[in-house]
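Q: What follows is a predicted protein model with its sequence.
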Amino acid sequence: MSFEGQELVDDYIRRFSNWGRWGENDSIGTLNFVGPEQILAAVATVRHGRTVNCTLPLDQKGPQRQQLLRDNPRTIKVATGTDHLSGAQDQLPAGLGPANGFGRSDDITILPNQAGTAWDGLAHIFWKGQMWNGKSAALVSSSGAAANGVENYAGKMVFRGVLLDMPRSMGVESLAEGEPITVEDLERAEELAEVTVGRGDCILLRTGFMKARRGHWGDYVQGPAPGLSVHTIPWLHQREVAAVGADTWGLEVQPNEIGVFNPIHIIALVHMGLAMGEIFDFDELSMVCEELGQYEFLFVSPVLPITGASGSATGAIAIL
């Protein structure tokens, strides 16, 4: 860890921390910026009745690698059409009698909570023994997170979404590995969108990196990637952004810029309480936004209310 990097992290924490801003027991952080006014403004952006999926499929073709902590989702069928046709389902379960032609399919999905398109919860990252709002890391045990669990986000992930389409605004197909996105880059993408990011918004940050790697992922996860520069933290804080979701595995630029591992996670998630999401699929949305000339929309991205979890998969939809 570089001395200069540590100094910057400490300075940004001192200047931009939201600990205590919404009370000592707050567990949703910057989602407090989203109130009735913001929801109504988000609904008012729906002009065409178009819906766009922003979630990567949950299957074995995803970007995770076997040597990493997470695996790609796996769905196991426990009742199938071939069972039905073979006669294995001629009796209903639980002693309910003959099926008389009735059949069924059922399955179990083994899903690491952040293997695909997902939100980080506020219990996901610790810094020097603490997590969001000064809570002790000791509150997260094998029984789950006793504070800041992702279930606190349930019913709240509704925003005005703003697509900041970096490749379109910069005239490239994809940003390069290790390319930091600066404040100037964000504001250039704002100009393309003809929208000013403000209080309670969710930024959808498209780098083009998913499109470049789709189907041949390689080290898409845990490898070099474009992403936010740590120097965008003051801008995000000043704009009172509620959430940021990206089409990369870590949201911030990889390798990190200042000799501190994942400084945006430390500053923005742990201390600002910023909702952060990763591995979103914005490629279709990019095309639809360009077609309609509209880069703001209602964005609904619910979490699964998994009690005590540190993150959650999401089914994200942009509605234009």
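A: Received, thanks. Keep in mind that what you see is a predicted model, and the values were worked out from it rather than measured. Numbers count the residues shown, from 1 in each chain.
Q: mind giving me the domain split of this structure?
A: Following automatic domain parsing, the chain resolves into domains at 3-66+112-319, 75-110.
Q: Now do the last one: distance to the chain's middle.
A: Its chain's C-alpha centre and that of domain 75-110 lie 36 Å apart, by C-alpha atoms, centre = their mean, to the nearest Å.
Q: now the longest one
A: On the basis of C-alpha atoms, centre = their mean, domain 3-66+112-319 sits 5 Å off its chain's mean C-alpha point.
Q: does residue 245 really touch residue 205, like I thought?
A: Yes. Residue 245 lies in contact with residue 205 (C-beta atoms under 8 Å); the separation is 6.9 Å. Glycine gets a C-beta too; all of them are placed from N, C-alpha and C.
Q: Give the intersection of the neighbour lists for the two.
A: Common neighbours of residue 245 and residue 205, using C-beta atoms under 8 Å, 6 or more residues apart in numbering, are residue 251.
Q: Tell me which residues touch the residue sitting nearest the centre point of the chain, please.
A: Residue closest to the average C-alpha location in the chain (C-alpha atoms, centre = their mean): residue 277, at 1.6 Å. Applying C-beta under 8 Å, 6+ apart to residue 277 gives the contacts 117-120, 243-246, 251, 301, 314, 316.
Q: what does residue 16 give?
A: Contacts of residue 16 by C-beta under 8 Å, 6+ apart are 233-234, 237, 267, 271-272.
Q: try residue 59
A: 72-73, 75.
Q: which of these count as buried?
A: Neighbour-count burial (16 or more other C-beta atoms under 10 Å) applied to these gives 72-73.
Q: Just the ones of the contacts of residue 59 in helices?
A: Within the contacts of residue 59, no residue falls in helices by DSSP state H.
Q: Rebuild the contacts of residue 59 as CSV, extending it with pLDDT and distance to residue 288.
A: Putting the contacts of residue 59 into CSV (pLDDT from 0 to 100; distance: C-beta to C-beta, whole Å) gives the following:
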residue, pLDDT, distance to residue 288
72, 90, 27
73, 89, 26
75, 93, 28
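Q: Nearest to residue 34 among the contacts of residue 59?
A: Nearest to residue 34 among the contacts of residue 59 is residue 73, at 28.8 Å by C-beta to C-beta.
Q: nearest residue to the closest one other than its sequence neighbours?
A: Nearest residue to residue 73 in three dimensions, chain neighbours excluded: residue 58, at 4.1 Å (C-beta to C-beta, 6 or more residues apart in numbering).
Q: how close does the one you found sit to residue 14?
A: 40 Å (C-beta to C-beta, to the nearest Å).
Q: Neighbour count: these two, which is higher?
A: residue 58 (18 against 9; other C-beta atoms under 10 Å).
Q: The more buried one is in contact with residue 74, isn't it?
A: No. Using C-beta under 8 Å, residue 58 is not in contact with residue 74; the gap is 9.3 Å.
Q: intersection of neighbour lists for the two?
A: 109, 111.
Q: Which residue ranges of this protein form helices?
A: In the chain, the helices defined using DSSP H lie at 3-16, 36-43, 81-86, 166-170, 183-193, 209-213, 233-239, 263-264, 283-292.
Q: which ones are touching residue 231?
A: 180, 182-183, 257.
Q: Now for the residue nearest to residue 243 when sequence neighbours are not counted, how many residues are close by?
A: Using C-beta to C-beta, 6+ apart and skipping residues adjacent in sequence, the residue nearest residue 243 is residue 275, 3.7 Å away. The number of residues packed near residue 275 is 29, by other C-beta under 10 Å.
Q: okay, the contacts of residue 16 in TSV with pLDDT, distance to residue 138 and neighbour count next?
A: Formatted as TSV, these follow (pLDDT from 0 to 100; distance: C-beta to C-beta, whole Å; neighbours: other C-beta atoms under 10 Å):
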residue	pLDDT	distance to residue 138	neighbour count
233	98	27	25
234	98	31	12
237	98	28	20
267	98	22	27
271	98	18	26
272	98	22	24
